[in-house]
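>>> here is my input; please provide its structure:
(2 chains)
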Amino acid sequence: MTTNIEVNETGKKRKRRVQKHRQNLSGYLFAAPAILGLVIFTVLPMLASLVLSLTDYNVLNAPKFIGLENYKNIIFSDMFVKKSLVVTFVFAIGSTIASLFSALILALLMNVKLKGQSVFRTIFYLPVVVPAVASNILWMWLFNPDFGLLNAVLKNVGLPPSNWIFDEKTAIPSLILMSIWGCGSTALIFLSGLQDVPTQLLEAVEVDGGNWWHKFRYVTLPALSPLIFFNLIMGLIGSFQTFTQAYIMTGGGPNNSTLFYSLLIYREAFQQNHFGYASALAWILFLIIALFTAFIFRTAKSWVYYGGNN
Amino acid sequence: MKKGKLILAVGAVLMAFGLGACSNKSATDQGDKGDVLNLKFTFWGGPLEKKSIEDLMAKYNKTHKNVKVTTFNIPYENYMEKLNTQASTKTLPDLGYMMENNMYEWGNSGRLRDLSPLYAEGGDLANKVPESIFKFSGSDKIWGSSQSLGTITMYYNKEYFKKAGIEEPPYTTDTAWTWDEFVDVCKKLTVDRNGKHPDEAGFDSKNIKTYAVSGANGLAYESLLKSNGGGVVSDDGKEIQIGSQKSIDGLQKIQDLMYKDYVMPKPSQASTIPSTDTAMLTNRVVMSLTGSWDLNVLGEAVDQKGLKLGIGVIPKMGNEVKSMNYGSPIVVFNNDKTKKHWKEVKDVLEYILNPEQTLPIINSGLWQPNQEDWYTDSTKIKKWTNNSFSPEHEKEALVDTSHNNLTPNKAFYCKDATTIEQIVSPALEQIWTNKKSAKDAVNEDILPKLKKKLGDSYTYAQ
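Numbering: from 1, shown residues only, chains lettered A, B, ... in the order given. Coordinates of the predicted model:
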């Protein structure tokens, strides 16, 4: 009797194992398109570019291995890299902070219970849907020193006009201003977070006699911190790779003041056919972004608050 | 059972994906079908150019039963991306446009066929304008020539001259304005919102209603420097000339047009002038130093909006008028098919490069013929200067100047043209925005960088 049961038990186990195995297999199969996509279109090209970065490669001839020569040239003798890095850093940090800040304010406003709020939410999200090229052209008109809307506003409040993207000094600040315009999706993420802020905590502040600022500073902000963290990282990564604004609006000028790093990579690769060199440039950008992200992750412990953690 | 089916389905989709990628190649790569030779031609260009090239090749296909040319219109911005991808996957077209920037690298890498025998004396393309041929200094090879000429010229609004009571610009090179004469006329043409001219007391340089001229700091600057005896690179491609006194003087004179004489819009102001035709129609600008191809839009303004268009020769800075040529090359890609069927490929190339065949584009104002006889033979000249919008004296101002006063473009003969451009342009922007004088920008920004990058491969004019 007992042996019979045991046999039966192991049979069941085996059946279960087979079933589990099958389940796993179908799971992998369903995930396969995504995994394959990542491997074929991201991981392999990245590895290829890493290898190419060690070569002299112009696409037209076979790559020639030159070791770290490209990296050496970039660090020690390239005339544009330094300026381009500075430009990219200033823009990345400026635009990320500016758009985080405006997105937060926008989200707070969109969280107010108001008639027709959904209309406002749609309006603020609209810029995200507008194609990059179209919005760039639109902003070129706004920035127009002679009859652009921005200078008209400045003139009406009695301020001197600016040359916006046509002046070396104001080009990057102008592009930062423009990046704020597209903060709708960040604001939407904040908004979803705002609606998750525990009301009992807000009420507790009220009971303790706190005002709106206390509520915001001690409850809302900590509750939002994981989202701020997420948006900060995504924003930085995105803005380090800025390309279209410079490609369409300024061409990197005036005097290379908007020569974003990605534009430099593009120029080396497609205008000069220096694909090996451009790959090396790209890897340097990748390392910088990785370091930056790691740094932010490091600091995150001290300011990002996850409910449930200590 | 259900699960099994699902797995099968997913597997099938994945396989279809993989197979699809494979079969794609064999479909497009299928070469000759029967006796018909299939050739691929890639190009860029707006709607007009697209239609013209497509019509041109359709006409060719109709009259040549043994060859079928298929055209591929690729957006200008993505052209080199596409071609580089095709090069790396060995699927390059057989003929096509090529970006000037990439000519040297591609030719030198053996991807372009050397066409020099065709351009040599007695060759089939020997009658092309020399300045339209891409021949890099230090090499005998020719990797292509441009489908058209595009030369720097001067268009202007006749009506404005009439109203201001000023004599219209000269249209022959031997009567061309000297620089001082040109600046004098410019001062008479420029007015602020109160009707005052730049040399009058109380002139308001911040509120200028009409600028005399535009574009001297655009493409035209190199033609002007050449006229002054300077330039960026010497015609033999051996000397960097931007550091010469004559070049610096020339650059300074152009800066002065904006910041001393106030007769030309500065870059920030120029950005508010959307296009030459609107600028002229609204009296924002009277004369425009620009490429001959602007006749395409200006011609439309003549036909539809009543613009009274004039054409004159650009002023001379030094002894002689110089007009630089622009234009994109057409090349033959080096592959087995173009080698094996060279006779047919050559025939297609000649057809595309023949002004007779591209007359519709030429007569839209976009192109100038690329062949010598179209500048000397009066019946041929009439074929392209008799349009409804053709300005008076086009024969002298455009045809003769292009024939006698052309100066070659460094992109056609200097292998480092792109590198030089990348260093020179940002520094020029400093001159055009008045951040630096011409002398300082050249000596502090341009020369040190050029010397660092190019070293001893060039001599440097002082």
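>>> quick one: the least confident helix or strand in chain A by mean pLDDT to chain centroid distance?
Ranked by mean pLDDT, DSSP states H and E, the weakest helix or strand in chain A is helix A:2-38, scoring a mean of 82. In this view, helix A:2-38 has its centroid 40 Å away from the chain centroid, taken as Cα atoms, centre = their mean, to the nearest Å.
>>> what about the helix or strand just after that helix, near chain B?
Next in sequence after helix A:2-38, counting helices and strands by DSSP states H and E, comes helix A:44-52. No: figure legend: helix A:44-52 not in contact with chain B (Cβ under 8 Å from any Cβ of the partner chain); closest approach 10.6 Å. Backbone N, C-alpha and C define where each C-beta goes, glycine included.
>>> what angle sits between helix A:44-52 and helix A:2-38?
60 degrees (axes from the mean of the first three to the mean of the last three Cα atoms, to 10 degrees).
>>> what separates helix A:44-52 from the chain centre, distance-wise?
22 Å.
>>> now do stretch B:404-416
Relative to its parent chain, stretch B:404-416 has a centroid offset of 11 Å by Cα atoms, centre = their mean.
>>> buried sites along that stretch?
Across stretch B:404-416, burial judged by 16 or more other Cβ atoms under 10 Å in any protein chain shown covers B:Asn405, B:Leu406, B:Thr407, B:Pro408, B:Asn409, B:Lys410, B:Ala411, B:Phe412, B:Tyr413, B:Cys414, B:Lys415, B:Asp416.
>>> again, but for stretch A:141-153
Here stretch A:141-153 shows A:Leu142, A:Phe143, A:Asn144, A:Pro145, A:Gly148, A:Leu150, A:Asn151 as buried, counting by 16+ other Cβ under 10 Å.
>>> keep those, but drop any that are not near chain B.
Near chain B, by the rule Cβ under 8 Å from any Cβ, you find A:Asn144, A:Pro145 out of these.
>>> quick one: which two of the buried residues of stretch A:141-153 are the most distant?
Distances among those were taken as Cβ to Cβ; the most separated pair is A:Leu142 and A:Pro145, at 10.8 Å.
>>> circling back: in TSV, list the buried residues of stretch B:404-416 along with secondary structure.
Below are the buried residues of stretch B:404-416 laid out as TSV (DSSP: H, G, I helix; E, B strand; the rest coil):
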residue	secondary structure
B:Asn405	coil
B:Leu406	strand
B:Thr407	strand
B:Pro408	coil
B:Asn409	coil
B:Lys410	helix
B:Ala411	helix
B:Phe412	helix
B:Tyr413	coil
B:Cys414	coil
B:Lys415	coil
B:Asp416	coil
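>>> just these now: which is nearest B:Ile133?
Nearest to B:Ile133 out of these is B:Phe412 (Cβ to Cβ; 7.0 Å).
>>> for the residue nearest to that closest one when sequence neighbours are not counted, what are its contacts?
The shortest distance from B:Phe412 to any residue other than its chain neighbours is 5.1 Å, reached at B:Phe134 (Cβ to Cβ, 6 or more residues apart in numbering or on different chains). The neighbours of B:Phe134, taking Cβ atoms under 8 Å, 6 or more residues apart in numbering or on different chains as the test, are B:Glu100, B:Met103, B:Gly107, B:Ile142, B:Trp143, B:Gly144, B:Ser145, B:Ser146, B:Pro329, B:Phe412, B:Tyr413.
>>> which ones among the residues you listed are found in helices?
Mapping the contacts of B:Phe134 onto helices (DSSP state H) picks out B:Met103, B:Gly107.
>>> report the separation between the residue nearest to B:Phe412 and chain A.
Between B:Phe134 and chain A the distance is 16 Å, computed by Cβ to the nearest Cβ, to the nearest Å.
>>> residues contacting the closest residue to chain A within the stretch 101-250 of chain B?
Across the stretch 101-250 of chain B, the shortest distance to chain A (Cβ to the nearest Cβ) belongs to B:Ser109, at 3.5 Å. By Cβ under 8 Å, 6+ apart, the contact list for B:Ser109 reads A:Asn58, A:Leu60, A:Asn61.
>>> nearest to B:Asp256 among those residues?
Ranked by distance to B:Asp256 (Cβ to Cβ), those are led by A:Asn58 at 42.3 Å.
>>> my guess is the closest one contacts A:His274. True?
Yes: using Cβ atoms under 8 Å, A:Asn58 is in contact with A:His274, at 6.8 Å.
>>> which one's more surrounded, these two?
A:Asn58 (24 against 21; other Cβ atoms under 10 Å in any protein chain shown).
>>> on that earlier part again, hey, what's in contact with both of A:Asn58 and A:His274?
Counting by Cβ under 8 Å, 6+ apart, A:Asn58 and A:His274 have no contacts in common.
>>> for A:Val112, the count of nearby residues, please.
8.
>>> got it, and B:Gly218?
B:Gly218 has 17 nearby residues by other Cβ under 10 Å.
>>> look up how far A:Pro63 lies from it.
For B:Gly218, the distance to A:Pro63 equals 39 Å [Cβ to Cβ, to the nearest Å].
>>> one more: B:Leu189?
57 Å.
>>> so if I had to pick from these two, which one is more boxed in?
Set side by side, B:Leu189 and A:Pro63 show more neighbours around B:Leu189, with 23 against 16, by other Cβ under 10 Å.
>>> for residue 252, what are its contacts?
Just so you know, I chose chain A. Counting by Cβ under 8 Å, 6+ apart, A:Gly252 makes contact with A:Ala246, A:Thr258, A:Leu259, A:Phe260, A:Leu263, A:Arg267, B:Pro426.
>>> nope, chain B
Contact analysis of B:Gln252 by Cβ under 8 Å, 6+ apart lists B:Ser437, B:Ala438, B:Lys439.
>>> same thing with B:Asn66?
Counting by Cβ under 8 Å, 6+ apart, B:Asn66 makes contact with B:Asp35, B:Val36, B:Leu37, B:Glu344.
>>> of those residues, buried ones?
Looks like those have B:Leu37, B:Glu344 buried, using 16+ other Cβ under 10 Å.
>>> now, the contacts of B:Asn66 that are in strands?
B:Leu37 (DSSP state E).
>>> quick check: the farthest pair among the contacts of B:Asn66?
Greatest spacing in the contacts of B:Asn66, by Cβ to Cβ: B:Asp35 and B:Glu344 (11.4 Å).
>>> any idea how far chain A is from the most centrally placed residue in chain B?
Among the residues of chain B, the one closest to the centroid is B:Tyr326, at 3.4 Å (Cα atoms, centre = their mean). Distance of B:Tyr326 to chain A, computed by Cβ to the nearest Cβ: 17 Å.
>>> that residue - nearest residue in space that isn't next to it in sequence?
B:Tyr326 sits nearest to B:Gly150 (Cβ to Cβ, 6+ apart), 4.3 Å away.
>>> run a quick neighbour tally on that neighbour.
24.
>>> in a strand, it, correct?
Yes: counting by three-state DSSP, B:Gly150 is located in a strand.
>>> wait, it touches B:Gly327, no?
Yes: B:Gly150 is within contact range of B:Gly327, at 5.0 Å (criterion: Cβ under 8 Å).
>>> common neighbours of the two, please.
With Cβ under 8 Å, 6+ apart as the test, B:Gly150 and B:Gly327 both reach B:Trp367.
>>> can you give me the helices for the stretch 101-250 of chain A?
In the stretch 101-250 of chain A, helices defined by DSSP state H, counting those that start in this stretch lie at A:117-129, A:132-143, A:149-156, A:171-181, A:184-194, A:199-207, A:212-215, A:221-240, A:244, listed in chain order.
>>> show me what counts as buried in the fifth one.
Neighbour counts over helix A:184-194 (16+ other Cβ under 10 Å) mark A:Gly184, A:Ser185, A:Thr186, A:Ala187, A:Leu188, A:Ile189, A:Phe190, A:Leu191, A:Gly193, A:Leu194 as buried.
>>> before I go, just wanted to say thanks for your time.
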